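In: What shape does this take:
(one chain, ligands or ions: 2)
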Amino acid sequence: MKKTILITGGAGFIGSHVIRRFVNNYPDYLVVNADKLTYAGNLENLTDIETKKNYLFEKIDIVNKQSVLDLFKKYCFDGIIHLAAESHVDRSITGPDEFVFTNIIGTVNLLNSALNSWKNSPEGKLFYHISTDEVYGSLGKDGLFTEQTAYDPKSPYSASKASSDHMVRAYNHTFGIPVVISNCSNNYGPNQFPEKLIPLAINNIKKNKTFPVYGKWVNILDFLYVEDHASAIDHIFHRGKVGDTYNIGGNNEWKNIDLILLLCRIMDKKLNRPSGTSEKLITYVKDRPGHDLRYAIDSSKLQKELGWSPLPEFADGLEKTVEWYLTNGKWLERVLSGDYGKYYDLMYSGR
Ligand code: NAD
Ligand code: DAU
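Out: Ligands and ions are numbered 1, 2, ... in the order given. Have a look, this model is predicted:
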């Protein structure tokens, strides 16, 4: 194998798409997926590639310093793509501690191990930290987040991600560890855990259950198809400039309520229900505390310098996503019942 790559959080939503892309496109890389398998980690996302020769899974908690040290003793990593995180804003409001442990301490554990293992030969190595546009806080009616926008996180989730970004940059400046960071907008697509807006709405509409839209229906987000994020990560991992930051976004701003209304129309069509049926399931509830008003990303640096561009039109991507959830009803039911957690014991516990 030419390179050994560590991908953390590879059993999660975005991580599983990144793992699939790297395992399939780079047969001469050994891809090691290190994941704790929290409620958000699902190895059933990776059944199509799990038997490939260039893929290995390691169940570890990055908060456990010794487990991380042991992992770095077992493998000589050339590159790290760090996605493992607590990722849901609402959970960070009801329980911030886990976000501090995983997102900050877990990142520092990985940085320390990378530093230790690369100290004599940092050339050609890369610690790639995956972050979010939410570190920039909220925009007013105009403007876009650029790589120069000052950090202004508003939720415990975004504050923990901002903190991890600062630690990654500090390890670069202080210890010379080669790093790169990207900050991406909202992802959507197959395999997203149904606590997030789009899969939650799809699941509830399918079951004729109501679902909540927070606040005054004015929040604006920039949505990107998950495979576009995986392709941006591929571009940045291979061509990004060490020490730099890249913003990733779909140039695709949607008011929450408009997005939900489009989704309702697609669901009515796919489920052969009279038009207007799904819309009746929307319930308007109290706002999320600290809810950012508007996110929008300027990704021109990534497009110009590294030649990346997003692929599907949003309506096509959303339709593809709906189709995926409707044809993968079993995946969804196993996630909702918790049965997906048994897959690890079945496949890996005897190793
Ligand atoms: P996710 O919640 O679907 O997956 C997170 C993964 O990390 C899971 O597999 C989980 O088991 C693993 N994990 C959690 N704690 C761990 C620990 N202590 N040790 C090892 N593994 C652990 O998240 P996602 O939506 O795929 O996001 C992945 C990354 O991308 C995160 O860093 C997130 O901040 C970032 N991001 C997400 C989005 C988005 O829209 N989802 C946008 C921009 C950036
Ligand atoms: O912007 C990038 C971020 O996008 C990532 O860093 C996070 O990891 C990811 O979870 C996502 O965060 P959001 O908070 O934007 O995603 P969520 O799906 O939770 O919410 C999207 C929008 O929909 C937000 O404005 C809140 C709203 N919402 C959400 C839920 C779950 C609702 O109105 N109702 C809901 O039930």
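In: how many other residues sit next to residue 57?
Out: Here the number of neighbours of residue 57 (other CB atoms under 10 Å) works out to 21. Quick note: C-beta positions are derived from backbone N, CA and C, even for glycine.
In: so what pLDDT did it get?
Out: Per-residue confidence at residue 57 stands at 98 (pLDDT).
In: so what's the nearest residue to it once chain neighbours are set aside up against?
Out: Leaving aside its sequence neighbours, residue 57 sits nearest to residue 33 (CB to CB, 6 or more residues apart in numbering; 5.0 Å). Neighbouring residues of residue 33 by CB atoms under 8 Å, 6 or more residues apart in numbering: 7, 8, 10, 11, 15, 19, 46, 55, 56, 57, 58.
In: Of those residues, which count as buried by neighbour count?
Out: Among these, those that count as buried by neighbour count (16 or more other CB atoms under 10 Å) are 7, 8, 10, 11, 15, 19, 46, 55, 57, 58.
In: What are the boundaries of the strands in the stretch 51-200 of the chain?
Out: Per DSSP state E, counting those that start in this stretch, the stretch 51-200 of the chain carries strands over the ranges 55-59, 79-82, 126-132, 179-184, 186-188.
In: Please read the previous query as pertaining to the stretch 251-351 of the chain.
Out: 253-255, 282-285.
In: Among these, show me which one is buried the most.
Out: Of the strands of the stretch 251-351 of the chain, the one with the most neighbours on average (mean count of other CB atoms under 10 Å) is strand 253-255, at a mean of 17.
In: quick one: it near ligand 2?
Out: No. Using CB under 6 Å from any ligand atom, strand 253-255 stays clear of ligand 2, coming no nearer than 9.6 Å.
In: Extract the C-alpha trace of stretch 331-344 and format it as PDB.
Out: This file holds the C-alpha atoms of stretch 331-344, laid out as PDB (Å, rounded to 0.1, in the frame of the first residue of the first chain):
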ATOM      1  CA  TRP A 331     -32.000   1.000   7.000                       C
ATOM      2  CA  LEU A 332     -34.300   3.600   8.500                       C
ATOM      3  CA  GLU A 333     -36.300   1.100  10.600                       C
ATOM      4  CA  ARG A 334     -33.100  -0.500  12.000                       C
ATOM      5  CA  VAL A 335     -31.800   3.000  12.900                       C
ATOM      6  CA  LEU A 336     -35.100   3.900  14.600                       C
ATOM      7  CA  SER A 337     -35.300   0.600  16.500                       C
ATOM      8  CA  GLY A 338     -31.600   0.700  17.500                       C
ATOM      9  CA  ASP A 339     -31.000  -2.700  15.800                       C
ATOM     10  CA  TYR A 340     -28.200  -1.300  13.700                       C
ATOM     11  CA  GLY A 341     -26.100  -1.300  16.900                       C
ATOM     12  CA  LYS A 342     -26.100  -5.100  16.800                       C
ATOM     13  CA  TYR A 343     -24.300  -5.200  13.500                       C
ATOM     14  CA  TYR A 344     -20.900  -4.600  15.100                       C
END
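In: ok, now how distant is residue 122 from residue 179?
Out: Residue 122 sits 11 Å away from residue 179, taking CB to CB, to the nearest Å as the criterion.
In: try residue 289
Out: Going from residue 289 to residue 179 by CB to CB gives 32 Å.
In: Next, give phi and psi for the residue in the chain positioned nearest to ligand 1.
Out: Going by CB to the nearest ligand atom, ligand 1 is nearest to residue 12 of the chain, at 2.1 Å. When read as degrees, to the nearest 10, the backbone of residue 12 gives phi -90, psi -170.
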